[in-house]
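Novice: Based on what follows, work out the 3D shape:
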Amino acid sequence: MKDRELIIHNYIRAYNEFDADALVRDLAPDVFYENVADDAVAMSIRGTNNIKEQFVLAQDIFMSREIHVKNIKHTGDHSEVDLPYQSILAIPIKGRFPKGAAMESDGNLLFKFLGNTIIEIVFMLDDITTLNNII
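Specialist: Numbers count the residues shown, from 1 in each chain. Next up, the predicted model:
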């Protein structure tokens, strides 16, 4: 499990630092990624190239964003990470959140592993709230 936790921490570090190359380092070439916000699937992607491309495009949406590990639970080939999420938007999103909105949510990252390779990721955020508008 120590290897898995190192891989998970590396993934989260890459996410927080907007490092696309490091983000996909431990992903299987045909990895499946799904983003779920408020119980609705917001995005589904397959393959490291597509994930990397989407990750780079998303960088323009945020001034900053961070997730941190609160807890990791391992069950079989799955690892579930409880995490707080915080971000500041660089652009408005769908009229729901204005540019400069500071947002937060509690969430989970679910990883499925094959050995030391991530083959599936589900990123879930619930009850996304706007704290304030910093700009």
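Novice: Give me the buried positions along stretch 19-39.
Specialist: By neighbour count, and taking 16 or more other CB atoms under 10 Å as the criterion, the buried residues in stretch 19-39 are 20, 23-24, 26-28, 31-37. Placement of C-beta: from N, CA and C, glycine included.
Novice: So for those residues, which is the shakiest by pLDDT?
Specialist: Across those, the bottom pLDDT score, 83, is held by Ala37.
Novice: And that one, how far from Leu125?
Specialist: 5 Å (CB to CB, to the nearest Å).
Novice: The buried residues of stretch 19-39 in helices, which ones?
Specialist: Among the buried residues of stretch 19-39, the members found in helices (DSSP state H) are 20, 23.
Novice: From Ile119, how far off is the closest residue to Val24 other than its chain neighbours?
Specialist: Closest residue to Val24 in three dimensions, ignoring its sequence neighbours and counting by CB to CB, 6 or more residues apart in numbering: Thr48, at 4.4 Å. Applying CB to CB, the value for Thr48 to Ile119 is 11 Å.
Novice: so what's in contact with those two at the same time?
Specialist: Residues touching both Thr48 and Ile119 comprise 27-28, 31, with contact defined as CB atoms under 8 Å, 6 or more residues apart in numbering.
Novice: In the chain, where is pLDDT below threshold?
Specialist: Scanning the chain with the threshold set as pLDDT under 70 gives 1, 130-135.
Novice: where do the helices sit along it?
Specialist: Ranges of helices in the chain, per DSSP H, are 2-16, 20-23, 48-58.
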